[in-house]
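*Asks:* Need coordinates for the below:
(one chain, ligands or ions: 1)
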Amino acid sequence: MKLPTAFVTGCNSGVGLSLATKLAANHKVFAGVRGLTDAKRADLDRAAAAAGVTDNLEVIECDVASEASVQEAVAAMLAKTDGRCDLLVANAGFSLFGSVEMLPMDDIRSQFETNVFGAIRCQQAVLPAMRQQGAGKIVLLSSVGGVWGQPFNDAYCASKFALEGLAESQAALFRGFGVRVCCVQPGAIRTAFIANAKRPDMAKVPAEYHAPLQRTMAAYQRSGQAAPDTSQTPDEVAQIIIDRVVAVAEPPLKVQTNPAIAAVFEGQLKDTTGEWGVQAAAKRFLAEPAQELSKHDQPMGQAPSHIEVSDFVQTSAGHLEYTIRSHTLGGVVVATHRYSDFARLQTVLASAKINYDNPFPGKLLVHTEARRKERMATLETWLNGALGVPAARDDPAFHAFLGPPAAPSA
Ligand SMILES: NC(=O)c1ccc[n+]([C@@H]2O[C@H](COP(=O)([O-])OP(=O)(O)OC[C@H]3O[C@@H](n4cnc5c(N)ncnc54)[C@H](OP(=O)(O)O)[C@@H]3O)[C@@H](O)[C@H]2O)c1
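*Replies:* Reported below is the predicted structural model:
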């Protein structure tokens with residue numbers, strides 16, 4: 001007997017990887033991966049082999065932000081399935097962190113290009129087949145951010161709200177020809193999603209945003225990886241999609257995956273003024289006193305895998321400002337630090353035998369593995385300690401150590 005056909009996007013990591021692997025137990029799965037290379041498909045291949053489903057899983061190139069790529073991927077699938085597609089999972093997505101004032105329009109467009117237009121492109125590509133066969137399911141990976149807008153998630157939440165409106169508009173109509181549309185609404189999932197988030201140029205963030213931004217980032221640090229009780233694994237979310245959408249003849253329009261955040265959905269539905277969500281966001285993300293980033297950069301006492309130093313900007317005072325991203329347990333802490341000279345920083349790192357990559361001018365990847373893992377109490381003291389200067393970033397002694405400020409650029 002022929003297996004039903006599933007097309008899943010964004011399968012090289014996280015929920016997509018897990019779902020594609022699980023579905024392949026009883027589906028012929030076409031697993032979309034953008035920029036497909038051997039390295040990029042390696043985790044998926046390993047998972048499929050471990051689950052014994054390699055024969056049912058075909059990895060295909062698919063960048064949902066590209067019309068041609070989606071068309072090609074779906075055409076290739078339909079050519080191998082006698083024109084059949086039983087399940088589309090529009091999972092590919094990413095997070096653009098920041099509020100609109102700090103985000104270039106191009107970045108906002110690209111958020112919608114992937115999260116919204118990417119899903120629509122996939123729908124357009126598979127719907128003719130589903131209509132013709134008189135059956136099919138379309139799963140859109142939405143989010144709690146599709147029903148509750150959150151600070152510094154303007155574009156991301158707007159993109160997920162757009163998916164909700166899309167699906168709700170389609171549901172009644174599409175059921176007329178046997179197609180069920182379903183928005184899956186997870187809360188935090190312990191994937192690389194936050195680490196993969198695109199971030200604003202911190203050096204250009206207006207001062208009024210600094211404190212709320214720190215509090216919001218600290219709040220996100222406390223959820224996700226650091227909160228196994230309230231976040232979920234990609235496997236858990238994938239299994240819920242299978243149990244409550246794929247395996248159900250007539251799944252509902254919306255499926256929440258995480259009972260720990262049920263109050264958010266209830267609160268949003270009950271208060272037609274929208275004030276529940278505003279108050280909840282203020283309390284959850286903005287109300288706490290500003291906390292030092294350093295208290296959160298290693299939520300479970302683990303060292304970052306690496307620290308990314310980037311976005312160098314010459315300030316009028318002749319300092320170089322740059323952003324440090326501490327990749328920790330999938331979470332990322334962003335702080336703006338000032339040092340007086342990039343070349344000097346490189347020299348100091350080299351002389352302290354700190355491994356780093358300089359992938360392109362103005363960007364350092366400082367590796368922390370094997371070194372100083374033992375006692376990295378804070379990101380800042382670690383970096384300062386690594387440089388041999390146990391001083392606060394604005395301490396003149398610190399700048400004195402690093403040498404005179406670089407000449408301001410013309
Ligand atoms: N993690 C969470 O807390 C969370 C919560 C609620 C909802 N979600 C949603 O769940 C979905 C899966 O996220 P995840 O947590 O599994 O994160 P993830 O591990 O970062 O996976 C996202 C996947 O989407 C792919 N992708 C991004 N842009 C793409 C494009 N233009 N074309 C094709 N693929 C693209 C990524 O590929 P690359 O590796 O090439 O970037 C990656 O495979 C997303 O839609 C996300 O919004 C996540």
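*Asks:* Could you list the domains of the chain?
*Replies:* Segmentation of the chain into domains, based on automatic domain parsing, reads 5-187+232-270, 293-402.
*Asks:* mean pLDDT lowest for which of the ones you listed?
*Replies:* Least confident of the domains of the chain, judged by mean pLDDT, is domain 293-402 with a mean of 42.
*Asks:* tally of neighbours for residue 6?
*Replies:* Counted with other CB atoms under 10 Å, residues neighbouring residue 6 total 26. In this view, the C-beta of every residue, glycine as well, is placed from N, C-alpha and C.
*Asks:* Contacts only, for it.
*Replies:* Applying CB atoms under 8 Å, 6 or more residues apart in numbering to residue 6 gives the contacts 20, 23, 27-30, 85-89.
*Asks:* Please tabulate those in JSON lines, including the columns secondary structure and neighbour count.
*Replies:* Written out in JSON lines, the entries for the contacts of residue 6 read as follows (DSSP: H, G, I helix; E, B strand; the rest coil; neighbours: other CB atoms under 10 Å):
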{"residue": "20", "secondary structure": "helix", "neighbour count": "33"}
{"residue": "23", "secondary structure": "helix", "neighbour count": "25"}
{"residue": "27", "secondary structure": "coil", "neighbour count": "22"}
{"residue": "28", "secondary structure": "strand", "neighbour count": "21"}
{"residue": "29", "secondary structure": "strand", "neighbour count": "28"}
{"residue": "30", "secondary structure": "strand", "neighbour count": "26"}
{"residue": "85", "secondary structure": "coil", "neighbour count": "26"}
{"residue": "86", "secondary structure": "coil", "neighbour count": "20"}
{"residue": "87", "secondary structure": "strand", "neighbour count": "22"}
{"residue": "88", "secondary structure": "strand", "neighbour count": "28"}
{"residue": "89", "secondary structure": "strand", "neighbour count": "32"}
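*Asks:* Can I get these in a markdown table including distance to residue 8?
*Replies:* As requested, those are exported to a markdown table (distance: CB to CB, whole Å):
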| residue | distance to residue 8 |
| --- | --- |
| 20 | 5 |
| 23 | 7 |
| 27 | 9 |
| 28 | 12 |
| 29 | 6 |
| 30 | 7 |
| 85 | 11 |
| 86 | 12 |
| 87 | 8 |
| 88 | 8 |
| 89 | 4 |
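*Asks:* What are the boundaries of the helices in the stretch 151-300 of the chain?
*Replies:* For the stretch 151-300 of the chain, the helices identified by DSSP state H, counting those that start in this stretch occupy 154-175, 210-222, 234-241, 262-270, 275-281, in order along the chain.
*Asks:* Could you find the closest non-adjacent residue to the residue of the chain found nearest the ligand?
*Replies:* In the chain, the residue that lies nearest the ligand is residue 14 (2.1 Å; CB to the nearest ligand atom). Once its chain neighbours are removed from consideration, residue 14 has its nearest residue in residue 191; the separation is 3.5 Å (CB to CB, 6 or more residues apart in numbering).
*Asks:* Pull the number of nearby residues for the one you found.
*Replies:* The number of residues packed near residue 191 is 22, by other CB under 10 Å.
*Asks:* Over to the one 10 residues further on?
*Replies:* Residue crowding around residue 201 was assessed by other CB under 10 Å; the count is 16.
*Asks:* Which phi and psi values does residue 6 adopt?
*Replies:* Recorded main-chain torsions at residue 6 are phi -120, psi 140, according to degrees, to the nearest 10.
*Asks:* Actually, residue 117.
*Replies:* Its backbone dihedrals place residue 117 at phi -70, psi -30, with angles given as degrees, to the nearest 10.
*Asks:* Could you do the one 10 residues further on as well?
*Replies:* Note on residue 127: its backbone torsions stand at phi -60, psi -40 [degrees, to the nearest 10].
*Asks:* How about residue 252?
*Replies:* Per-residue torsions, residue 252: phi -70, psi 170 (degrees, to the nearest 10).
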